[in-house]
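Asker: based on what follows, work out the 3D shape:
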Amino acid sequence: IFTNKTIQSDVVITLNVATYGNGTDPSASTFSIYADSDCTKSVTATQSGTLPTSSTYTNAVYTVKQDDAASLISDLAIKITKPGKQIRLKSIKIEFSYSE
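Answerer: Have a look, this model is predicted:
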């Protein structure tokens, strides 16, 4: 997604998610952003939007500041650490400006 692109803005990742079952609700750290598919190169992101607490889908938004986005050179991975409740992922939207 980022190959041969120079990122010129923050990278905004919108996760449309819900929960199912019993247990602990997700926290901001439930979703982690990585710059590689093996989830070894973490990327700093700030959470906003609404974390899911029920079967109603909400938008959890993670913003990677432009300075931190420099590490995003080819891949983007999102690791979900199950907090207790099951996480249902409906869609992912990634927005950013770039030049080639």
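Asker: Three-state assignment for the spatially closest residue to G23 that is not a sequence neighbour, please.
Answerer: Distance criterion Cβ to Cβ, 6 or more residues apart in numbering; nearest residue to G23, sequence neighbours excluded, is G84 at 2.4 Å. Heads up, the C-betas are built off the backbone N, CA and C, glycines and all. G84 carries the three-state label coil when classified by DSSP: H, G, I helix; E, B strand; the rest coil.
Asker: ok, now which ones touch G84?
Answerer: Applying Cβ atoms under 8 Å, 6 or more residues apart in numbering, we find G84 in contact with 22-25.
Asker: run through the bridge partners of T63.
Answerer: For T63, the beta-bridge partners are V12, T46 (DSSP bridges).
Asker: quick one: it from E100, how far?
Answerer: The gap separating T63 from E100 is 23 Å, by Cβ to Cβ, to the nearest Å.
Asker: looking at P83 now. What's its pLDDT?
Answerer: Looking at P83, its pLDDT stands at 80.
Asker: how many residues are close by it?
Answerer: P83: 16 surrounding residues under other Cβ atoms under 10 Å.
Asker: ditto for T40
Answerer: 9.
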